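> Give me the fold of what follows.
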Amino acid sequence: MKILTSYAPLVWLIISLTSASGFDAGVSKEDFLALKTLVVLQNDIIRKNEKELALQRKVIEELQNERQILGQLATEVRNAAKHMSYLDHLCNNTMVSNGHLIEKRIPISETIAFHVCFDHNVEHLGTSHELAFNIVITDTHSAYEKHSGTYIAPISGIYVFSWVTPIYNGDIPFQLIVNGEVKGKTDPYGSGGITTTGVAVISLNEHDVVMIRTNPTFQPLGRIESGIYKNACFSGWKI
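All right, here's what the predicted structure looks like:
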């Protein structure tokens, strides 16, 4: 019979009472039987708790497996969104000539710029959360994909990027990402409303992918504010 350590004194008492001296210790047979019954009841409770603990461990393991699966699905969705972004870029920047798919050539002197914003507050942010600004105000070459929040450089050159991120009651570090590499950082934090603006001048090759995301090593606190009185925006232009 399995008995927890915390009940050892009680077990020792019963063993003592059942020694060669019988019931000479001054404890009646009725009291002894009552103590024995108590130990049996306690062991029943222990076994029940052990079964419940095993069940809880199984539930926790299943939840952890589900969380891992959801994480894998989220990664697949993000990759699919990036793929769709590239396909959209090809549709907007290629044409068929003599049965061949060729890229549309953009005059070097042509203005290239984009400006996108959120029209709502953004809450429940996670690490490496890519900001998919949903309102496109300017996009001269249809190079911004609002479903993934990525901008694909239409031609090579020097670009200026700016990101404005008002937050409320929190700490949300942001990163400017180019082809998976960090090229700029901001970290608005504090109580109440606070806004930071990041600016970066970067040399891009044609088809380079640019985005804004939260820091992968810090869980964001608070929310991004964007609405009637202020906007969270992402902008860029070729100089």
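> Mind giving me the packing neighbours of the lengthiest helix in the chain?
Determined from DSSP state H, the single longest helix within the chain is helix 29-93. Packing partners of helix 29-93 (3 or more CB pairs under 8 Å, 6 or more residues apart in numbering; DSSP states H and E): helix 8-17, strand 144-145, strand 150-152. Every residue, glycine included, has its C-beta placed from N, CA and C.
> looking at these, which has the lowest confidence?
If you rank these by mean pLDDT, helix 8-17 sits at the bottom with a mean of 54.
> Tell me the secondary structure at the spatially most central residue of the chain.
Note on the chain: the residue nearest the mean C-alpha position is residue 126, at 3.3 Å, using CA atoms, centre = their mean. Of the three states, residue 126 takes coil under DSSP: H, G, I helix; E, B strand; the rest coil.
> Now it: phi and psi?
Backbone torsions for residue 126, taken as degrees, to the nearest 10, come to phi -120, psi -180.
> so it touches residue 221, yeah?
No: look at residue 126 against residue 221 with CB atoms under 8 Å: they stay out of range, at 11.7 Å.
> okay, now the domains of the chain?
Per the record, the chain has its domains at 1-104, 109-238, by automatic domain parsing.
> Of these, flag the one that's most buried.
domain 109-238 (a mean of 17; mean count of other CB atoms under 10 Å).
> mind checking how far that one is from the chain centre?
Relative to the chain's own centre, domain 109-238 is displaced by 17 Å; criterion: CA atoms, centre = their mean, to the nearest Å.
> Now for residue 211: which residues touch it?
The contact partners of residue 211, taken as CB atoms under 8 Å, 6 or more residues apart in numbering, are 130, 131, 148, 149, 150, 151, 176, 177.
> what's the closest non-adjacent residue to the fourth one?
Counting by CB to CB, 6 or more residues apart in numbering, residue 132 is the residue found nearest to residue 149 once chain neighbours are left out, at 3.6 Å.
> give me phi/psi at the nearest residue to residue 218 once chain neighbours are set aside?
The shortest distance from residue 218 to any residue other than its chain neighbours is 5.3 Å, reached at residue 173 (CB to CB, 6+ apart). Dihedral angles of residue 173 (phi, psi; degrees, to the nearest 10) stand at phi -70, psi 130.
> Residue 173 and residue 75, how far apart?
21 Å (CB to CB, to the nearest Å).
> what does residue 47 give?
43 Å.
> now swap in residue 64 and tell me
Distance from residue 64 to residue 75, by CB to CB: 17 Å.
> Same question for residue 190.
32 Å.
> do the same with residue 39
54 Å.
> how about low-confidence regions in the protein?
1-27, 89-90, 92-109 (pLDDT under 70).
> one more time with 80
1-27, 29, 31-32, 78-109 (pLDDT under 80).
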